[in-house]
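Undergrad: Build the 3D model from these lines:
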Amino acid sequence: MQQLNFPSFSFRFKNSENKVSIFDAIRKKFIILTPEEWVRQHTVQFLLEEKNYPKSYINVEKLVKVNDINKRYDIVVFHPNGELYLLIECKAPEVKITQETFDQIARYNLNIQSNYLMVSNGLDHYFCQMDYKQKRYTFIKELPNYPHK
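TA: Residues are numbered from 1 along each chain as shown. Down below sits the predicted model:
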């Protein structure tokens with residue numbers, strides 16, 4: 001797999017039926033290794049190891065309803081009270097991050113109301129802080145560490 005713009009993390013791999021799988025520590029199972037999954041797993045490890053986000057507050061690949069249509073988000077991080085803290089959209093490295101990518105995550109976020117957004121293709125990472133009073137998002141240099149209380 002392609003080298004990504006993340007620190008180096010160690011992963012568990014499995015090979016079966018000529019397909020490589022990577023172990024997802026959140027879903028606690030092996031997932032077929034696609035370029036997007038490679039980015040997703042690096043992002044999860046980044047949250048756990050670099051930003052100290054608790055594993056129990058992270059969810060991967062769950063359904064969300066957007067305008068009565070079921071969509072699947074990549075990664076979310078919750079507050080202890082169950083409110084959403086961070087919504088993440090992962091793309092494969094060859095996918096350019098465009099305004100359309102931000103529109104997609106913004107649509108997902110309409111129902112969810114996350115404090116922060118992250119979009120990554122593994123090479124480029126973008127972080128936003130939401131301002132619901134002003135109805136806009138502001139790009140920030142990096143994600144904050146998890147706010148342990």
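Undergrad: I'd guessed Phe9 sits against Glu50; true?
TA: No. With contact defined as Cβ atoms under 8 Å, Phe9 does not reach Glu50; the gap is 9.2 Å. C-beta here means a position set from N, CA and C on the backbone, and glycine is covered the same way.
Undergrad: pull the helix or strand with minimum mean pLDDT from the chain.
TA: Across the helices and strands of the chain, mean pLDDT, DSSP states H and E gives its lowest value to strand 58-66, namely a mean of 77.
Undergrad: distance between the next helix or strand after that strand and the chain's centre?
TA: For strand 58-66, the following helix or strand on the C-terminal side (DSSP states H and E) is strand 69-78. Between the centre of strand 69-78 and the centre of its chain there are 9 Å (Cα atoms, centre = their mean, to the nearest Å).
Undergrad: Buried residues, strand 69-78. List them.
TA: For strand 69-78, burial by neighbour count (16 or more other Cβ atoms under 10 Å) applies to 73-78.
Undergrad: what do you get for stretch 132-145?
TA: Buried residues in stretch 132-145, counted by 16+ other Cβ under 10 Å: 137, 143.
Undergrad: if we can go back for a sec, tell me the one among the buried residues of strand 69-78 nearest to Cys90.
TA: Closest approach to Cys90 among the buried residues of strand 69-78 (Cβ to Cβ): Asp74, at 4.4 Å.
Undergrad: OK, contacts around the closest one?
TA: The contact partners of Asp74, by Cβ atoms under 8 Å, 6 or more residues apart in numbering, come to 40, 43, 60-61, 88-90.
Undergrad: again, but for Lys55
TA: By Cβ under 8 Å, 6+ apart, the neighbours of Lys55 are 25-26, 48.
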